[in-house]
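Undergrad: This is a predicted model, with the sequence first.
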Amino acid sequence: MEERFEANSWDKLISGESRKLMAVYIPQEDAEQIRRILEKYGIFMTLSSFYYFSALMVLLENWELPPRI
């Protein structure tokens, strides 16, 4: 069963895990276009789709994993 994100889910995640998150800078002129694409295809509507999207971005070398310490 897929878990749906709710507005307060993000708040819970950020408040409890903020030290583990990494900020990503997106230029303002690109942010709205990116937001429309993500909403159009429902990429962040479910937890599993977010994981698949993240894995794809890493495999396509658009995102890099941080080095292990």
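TA: Received, thanks. From a predicted model like this one, the values you see are computed outputs, not experimental measurements. Residues are numbered from 1 along each chain as shown.

Undergrad: where do the helices sit along this structure?
TA: Along the chain, counting by DSSP state H, helices occupy 7-17, 28-41, 47-59.

Undergrad: most neighbours per residue, which of the ones you listed?
TA: helix 47-59 (a mean of 12; mean count of other Cβ atoms under 10 Å). Placement of C-beta: from N, CA and C, glycine included.

Undergrad: tell me the mean pLDDT over it?
TA: Averaging pLDDT along helix 47-59 yields 78.

Undergrad: now the angle from it to helix 28-41?
TA: 130 degrees (axes from the mean of the first three to the mean of the last three Cα atoms, to 10 degrees).

Undergrad: And Arg36, how far from Asp30?
TA: According to Cβ to Cβ, to the nearest Å, Arg36 stands 11 Å off from Asp30.

Undergrad: same check, this time on Leu38
TA: 12 Å.

Undergrad: now the helices of the chain as TSV including distance to Pro67?
TA: Output for the helices of the chain, formatted as TSV (distance: least, Cβ to Cβ, whole Å):
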stretch	distance to Pro67
helix 7-17	20
helix 28-41	26
helix 47-59	14
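
Undergrad: hey, which helix or strand in the chain has the poorest pLDDT?
TA: helix 7-17 (a mean of 54; mean pLDDT, DSSP states H and E).

Undergrad: Return the distance of Ile37 relative to Leu56.
TA: The spacing between Ile37 and Leu56, counted by Cβ to Cβ, is 14 Å.

Undergrad: swap that for Arg35, please
TA: In terms of Cβ to Cβ, Arg35 sits 18 Å off from Leu56.

Undergrad: Next: Phe44.
TA: 13 Å.

Undergrad: ditto for Lys40
TA: The spacing between Lys40 and Leu56, counted by Cβ to Cβ, is 17 Å.

Undergrad: what separates Leu60 from Glu32, distance-wise?
TA: On the measure of Cβ to Cβ, Leu60 and Glu32 end up 23 Å apart.

Undergrad: How about Tyr52?
TA: For Tyr52, the distance to Glu32 equals 24 Å [Cβ to Cβ].

Undergrad: With Ile43 instead?
TA: According to Cβ to Cβ, Ile43 and Glu32 sit 16 Å apart.
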